[in-house]
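[1] Structural data only, the sequence is not supplied:
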């Protein structure tokens, strides 16, 4: 953990700048280091003029916490904010739409999920609260951890994904599911920014597909000190740039959908 760093996120609105409460700042807490990886799901769209502000908050969290925060941008079908018009790219996906429908079809974007946990009775969270709730979750140690490696055969566009799930303590919290996502970054296209339409905006962490199904697959949690290995293959559609893609692995509670742990990996390409 970096020491003596204070990152103040001054989130500006049309009405002016607000003073950010201490809970909504990124402040190093050296006696409570990160214990797990937090998954931040950002419901976003090209028509949403405040969505770039939310992306900035997500980027600051990743800058501060590094790999301990995984960000995924969800562009669902069925929302005014994501419907492609004119030169706008269609970044929508079946998986993003499924999660949008499951979590209540939020009308206002940006909004997000932090580990799919309900805070103050709500799963869908305003981006001004993402820092606070990420700080809450990241210090909660989880008995299950996951790591991934991913290799791509560029001639066939096939990915080989190897996951290792380990238990650092006895697991007794319920049934576990394992989910794999393909995301893509560095996508240049239209986006409203502060009320102005831009065609050179860079969209990152865009959810492209659920590799092993929308809700993944059930797994049996390994015993303490043991490992569970999972292998999956996936053919990347031609419209996605493999070099700009990542694979995200997620462990979650099957019943409640709460995220246990997550891991993001780049793709190693070979001929």
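    Right, received. Where do you want to start? Just so you know, these numbers come straight off a predicted model, no measurement behind them.

[2] all contacts plus neighbour counts: C-alpha atoms, from now on.
    Will do.

[3] outside of stretch 110-127, which residues touch it?
    38-45, 48, 50-51, 54, 57, 103, 106, 130, 133-134, 137, 257-260 (CA atoms under 8 Å, 6 or more residues apart in numbering).

[4] Ok, stretch 225-236 next?
    Outside stretch 225-236, the residues that reach it (CA under 8 Å, 6+ apart) are 156-169, 211-212, 221-222, 242.

[5] so of these, which ones are in strands?
    Those of the contacts of stretch 225-236 mapping onto strands are 158-167, per DSSP state E.

[6] close enough to count as contact, residue 100 and residue 82?
    No - assessed by CA atoms under 8 Å, residue 100 is found out of contact with residue 82, at 11.9 Å.

[7] Could you check which of the two is surrounded by more residues?
    residue 82 (23 against 20; other CA atoms under 10 Å).

[8] got a list of what the closest residue to that one other than its chain neighbours touches?
    Among residues not flanking residue 82 along the chain, residue 45 sits closest, at 4.4 Å (CA to CA, 6 or more residues apart in numbering). If you count contacts by CA under 8 Å, 6+ apart, residue 45 has them with 51, 75, 81-82, 109-110, 191.

[9] Emit the PyMOL select command for whichever of the contacts of stretch 225-236 are buried.
    Restricted to buried positions by 16 or more other CA atoms under 10 Å, the PyMOL selection for the contacts of stretch 225-236 reads:
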select buried, resi 157+158+159+160+161+162+163+165+166+167+168+211+221+222+242
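
[10] circling back: any residues in contact with both of residue 100 and residue 82?
    Contacts common to residue 100 and residue 82, judged by CA under 8 Å, 6+ apart, are residue 76.

[11] So which residues of the stretch 101-250 of the chain form helices?
    130-138 (DSSP state H, counting those that start in this stretch).

[12] Residue 213 and residue 179 touch, don't they?
    Yes - using CA under 8 Å as the test, residue 213 is close enough to residue 179 to be in contact (7.5 Å).

[13] pLDDT below threshold where in the protein?
    1-31 (pLDDT under 70).

[14] which residues are contacting the helix ranked longest in the chain?
    In the chain, taking DSSP state H as the definition, the longest helix is helix 51-65. Contact with helix 51-65 is made by 1, 9, 11, 26, 34, 40, 42, 44-45, 68-71, 109-110, 127-128, 130-131, 193, as judged by CA under 8 Å, 6+ apart.

[15] where exactly do the strands run in the stretch 1-150 of the chain?
    12-13, 16-17, 38-43, 69-74, 111-114, 144-153 (DSSP state E, counting those that start in this stretch).

[16] now the angle from the fourth one to helix 51-65?
    To tie it back to what came earlier, the one meant is strand 69-74. Going by axes from the mean of the first three to the mean of the last three CA atoms, to 10 degrees, strand 69-74 is angled at 160 degrees with respect to helix 51-65.

[17] So which elements touch strand 69-74?
    strand 38-43, helix 51-65, strand 206-210, strand 259-266 (3 or more CA pairs under 8 Å, 6 or more residues apart in numbering; DSSP states H and E).

[18] Mean neighbour count, those: which tops it?
    Most buried of the helices and strands packed on strand 69-74 by mean neighbour count (mean count of other CA atoms under 10 Å) is strand 38-43; its value is a mean of 26.

[19] List the pairing partners of it within its sheet, with orientation.
    With DSSP bridges as the test, strand 38-43 is paired with strand 69-74 (parallel), strand 111-114 (antiparallel).

[20] Give me the angle between the first one and helix 130-138.
    Taking the same axes, to 10 degrees, strand 69-74 and helix 130-138 form an angle of 130 degrees between their directions.

[21] which residues are contacting strand 69-74?
    By CA under 8 Å, 6+ apart, strand 69-74 touches 37-44, 58, 61-62, 92-93, 96, 183, 204-207, 262-264.
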